[in-house]
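Student: Structure for this input, please:
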Amino acid sequence: MARRPPVVWHPAHRSNYTADNRRAKRIDRVVIHVTQGSYSSAINWFQTPRADASAHYVVRSRDGQVAQCVSDENIAWHAGNWRVNRTSLGIEHEGYFNDPEWFTARMYRSSARLVAHLCRKYDIPTNRRYILGHFEVSNTRCPGPWWWWDHYMRRVRRYA
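Tutor: All right, here's what the predicted structure looks like:
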């Protein structure tokens with residue numbers, strides 16, 4: 001069982017998420033995203049007032065560094081679907097979904113450790129019914145055709 005990877009705090013602007021206390025509510029899924037840009041541009045965007053977007057975490061491609069932008073107990077605006085946002089955690093991954101070069105072993109490893117940790121913490125099953133691609137909850141192609149689901153889910157289950 002792997003520990004949660006180290007996380008750095010880069011808070012989103014308070015106008016880009018809904019403050020809540022979800023400790024008393026059910027967090028029941030994780031939504032996987034790709035930033036369509038760089039790690040730093042995603043963090044900067046979430047910190048921009050009135051961006052109307054955020055995610056709980058952002059994972060950097062080259063080394064797997066994880067930034068947390070919204071605390072788990074708050075509702076990030078990541079899925080384009082309020083019902084899903086209310087009960088999920090959003091994880092962005094640096095890169096472009098049409099370019100597989102961004103999806104590095106370090107990124108997959110770090111993200112899988114994070115998701116395994118979150119699944120343990122919130123009692124979320126480690127399967128594709130509860131670990132979803134953004135495309136499964138909203139009209140988008142994210143995380144795209146190059147996201148290696150089988151590999152990723154094997155790692156999540158291994159670390160859980």
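
Student: Quick check: closest non-adjacent residue to the residue nearest to the spatial centre of the chain.
Tutor: Computing the C-alpha centroid of the chain and ranking residues by Cα atoms, centre = their mean puts Ile91 first, at 0.6 Å. Computed as Cβ to Cβ, 6 or more residues apart in numbering, the closest residue to Ile91 that is not its neighbour in sequence is Tyr57, at 4.6 Å. Yep, even glycine has a C-beta here, placed from its N, CA and C like the rest.

Student: ok, which stretches of the protein are strands?
Tutor: 7-9, 17-18, 29-34, 57-59, 66-68, 75-76, 88-93, 131-133 (DSSP state E).

Student: Mean neighbour count, the ones you listed: which tops it?
Tutor: Of all those, strand 57-59 has the most neighbours on average by mean count of other Cβ atoms under 10 Å, namely a mean of 29.

Student: Adjacent strands (with direction) for it?
Tutor: Next to strand 57-59 in the sheet, as set by DSSP bridges, lie strand 66-68 (antiparallel), strand 88-93 (parallel).

Student: where are the low-confidence patches of the chain?
Tutor: The chain contains residues with pLDDT under 70 at 1-2, 24.

Student: Mind jotting down where the helices sit in it?
Tutor: 39-46, 82-87, 105-122, 149-159 (DSSP state H).

Student: looking at the ones you listed, which is closest to Gly133?
Tutor: Of all those, it is helix 149-159 that lies closest to Gly133, at 7.7 Å by Cβ to Cβ.

Student: and the closest one, how far from the chain's centre?
Tutor: Relative to the centre of its chain, helix 149-159 is centred 15 Å away, using Cα atoms, centre = their mean, to the nearest Å.

Student: And stretch 69-86, by the same measure?
Tutor: In this view, stretch 69-86 has its centroid 10 Å away from the chain centroid, taken as Cα atoms, centre = their mean.

Student: Using neighbour counts, pick out the buried residues of that stretch.
Tutor: Buried positions in stretch 69-86, judged by neighbour count with 16 or more other Cβ atoms under 10 Å: Cys69, Val70, Asp72, Asn74, Ile75, Ala76, Trp77, His78, Ala79, Val84, Asn85, Arg86.
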